[in-house]
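Peer 1: take a look and give me a structure for this.
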Amino acid sequence: MHETADKIPLCKGAISRRCFLQTAGMGAAVLALPGASSTAATTSSQTEELATVLDLSQCIGCAACVEACREVNAHKYPEPKKPFPAMFPERVKVEDWSDRRFTDNRLTPYNWLYIQTVSGEYQGKPFELHIPRRCLHCQNPPCANLCPWGSALRQSNGIVRINEDICLGGGKCRDVCPWHIPQRQTGVGLYLKLMPRFAGNGVMYKCDRCYDLLAQGGLPACIEVCPMQIQSIGPRSEMLAKAHALAEDMNGFVYGEQENGGTNTFYVSPVPFDLLDQAAEKGPGRPHLAPVQDSMAKAGNLTWAVFAAPLAGIAAGLLTGARALSREDNADE
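Peer 2: Numbers count the residues shown, from 1 in each chain. This next block holds a predicted model:
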């Protein structure tokens, strides 16, 4: 089995410039191995991806999951430095949510989960459904495959997350995401140390499925606190079987199995998703529910991924070293 990018040994304690160069060089060497990837951790081919099932017929819209997500992940939220550097070119927009961090009716850098309430009529009867919206954790995520800096990654357990330590906030992940999930906060992150006027514009944020809690044997906060237990998490094959069983019981529909080539989030609804999409409020930070083709099957994206993966891996190694040096310099001040 090849050692993969997520197993590159990092320097302990204070990090010297020599260690930075060793780390960067090791990242490039690992990416040269057959089968290695900057976007997917393959620590064990025997490990099945984790997936979640959400039974929308049971969600009461209480938003306990939203509050739990905020509480558990508060230490990961950005604390921007102001005033923000003037960006070049000037068309690069500042995105500042620091004074609106309690906004909870859309996705923001401080709100990785929100409840999308949709109402309408189906088969002559009124309906109202509450849909917890967050990252779907795609099986072949364009955000990770196409990030030019290697800061978006997909773990072997199916979690897709952004490494905020090396993200430059360029927004490629949001552009290529079919649902435009990641959200940017200006004035935070490594770009301030590297090229504050030219490199990116902050850091991108999204649901990381409480990967740190899962690593300790816990559950994602949103699942832990749900009073109706509408969510389940487990091996993808089991969750997919459960989603289909729920759909059969309610004569319902599944979203997320085929979308974008397959995700690790399965919504089960008694109302067709095309009808929900028509009735849902959509816009920035408010994703749609329309069918999505596999974006990585597009020739342009596939070509970019093939050629960019080695460069992204090298960039990730260099940025990791730069981040370490930045912390060392801050400690010496």
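Peer 1: what's the neighbour count on Lys82?
Peer 2: For Lys82, the neighbour count with other C-beta atoms under 10 Å is 8. Where you see a C-beta, it was placed from the backbone N, CA and C, and this is true even at glycine.
Peer 1: which residue comes closest to Gly200 once chain neighbours are left out?
Peer 2: Nearest residue to Gly200, sequence neighbours excluded (C-beta to C-beta, 6 or more residues apart in numbering): Leu168, at 3.1 Å.
Peer 1: please name every helix or strand in contact with whichever strand or helix holds Val66.
Peer 2: Per DSSP states H and E, Val66 falls inside helix 64-73. Here helix 64-73 touches strand 114-122, helix 221-225, going by 3 or more C-beta pairs under 8 Å, 6 or more residues apart in numbering; DSSP states H and E.
Peer 1: just want the angle from that helix to strand 114-122.
Peer 2: 160 degrees (axes from the mean of the first three to the mean of the last three C-alpha atoms, to 10 degrees).
Peer 1: distance between helix 64-73 and the chain's centre?
Peer 2: Relative to the chain's own centre, helix 64-73 is displaced by 16 Å; criterion: C-alpha atoms, centre = their mean, to the nearest Å.
Peer 1: hmm, who's touching that helix?
Peer 2: Residues outside helix 64-73 that contact it (C-beta atoms under 8 Å, 6 or more residues apart in numbering): 104, 110-115, 132, 207-208, 210, 213, 221-227, 231.
Peer 1: filter those residues to the buried ones?
Peer 2: Buried members of the contacts of helix 64-73, scored by 16 or more other C-beta atoms under 10 Å, are 104, 110-115, 132, 207-208, 210, 213, 221-223, 225-226, 231.
Peer 1: pLDDT weak spots in the stretch 201-333 of the chain?
Peer 2: In the predicted model of the stretch 201-333 of the chain, residues 298-333 satisfy pLDDT under 70.
Peer 1: now with 90?
Peer 2: 201, 295-333 (pLDDT under 90).
Peer 1: which parts of it are strands?
Peer 2: 203-205, 231-235, 253-255, 265-269 (DSSP state E, counting those that start in this stretch).
Peer 1: the last one pairs with which strands?
Peer 2: Looking at strand 265-269 with DSSP bridges, its paired strands and their directions are strand 50-55 (parallel), strand 253-255 (antiparallel).
Peer 1: format those strands as CSV; extra columns: mean neighbour count and distance to Leu275.
Peer 2: Formatted as CSV, those follow (neighbours: other C-beta atoms under 10 Å; distance: least, C-beta to C-beta, whole Å):
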stretch, mean neighbour count, distance to Leu275
strand 50-55, 25, 17
strand 253-255, 21, 9
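Peer 1: what about the nearest residue to Glu224 once chain neighbours are set aside, how many residues close to it?
Peer 2: Counting by C-beta to C-beta, 6+ apart, Ala68 is the residue found nearest to Glu224 once chain neighbours are left out, at 6.7 Å. Around Ala68 there are 19 other residues, counting by other C-beta under 10 Å.
Peer 1: for the one 10 residues further on, same thing?
Peer 2: Burial measure for Pro78: 22 neighbouring residues, criterion other C-beta under 10 Å.
Peer 1: thought it was touching Asp96?
Peer 2: No: shown here, Pro78 and Asp96 do not form a contact pair, counting by C-beta atoms under 8 Å, at 9.8 Å.
Peer 1: between these two, which contacts overlap?
Peer 2: Counting by C-beta under 8 Å, 6+ apart, the residues touching both Pro78 and Asp96 are Gln185, Gly187.
Peer 1: just the helices from the protein, written as ranges.
Peer 2: Secondary structure of the chain (DSSP state H): helices at 17-31, 64-73, 142-146, 172-176, 191-194, 211-215, 221-225, 236-250, 273-279, 299-332.
Peer 1: dump the strands paired with strand 265-269 to JSON lines, plus distance to Asn140.
Peer 2: Below are the strands paired with strand 265-269 laid out as JSON lines (distance: least, C-beta to C-beta, whole Å):
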{"stretch": "strand 50-55", "distance to Asn140": "14"}
{"stretch": "strand 253-255", "distance to Asn140": "17"}
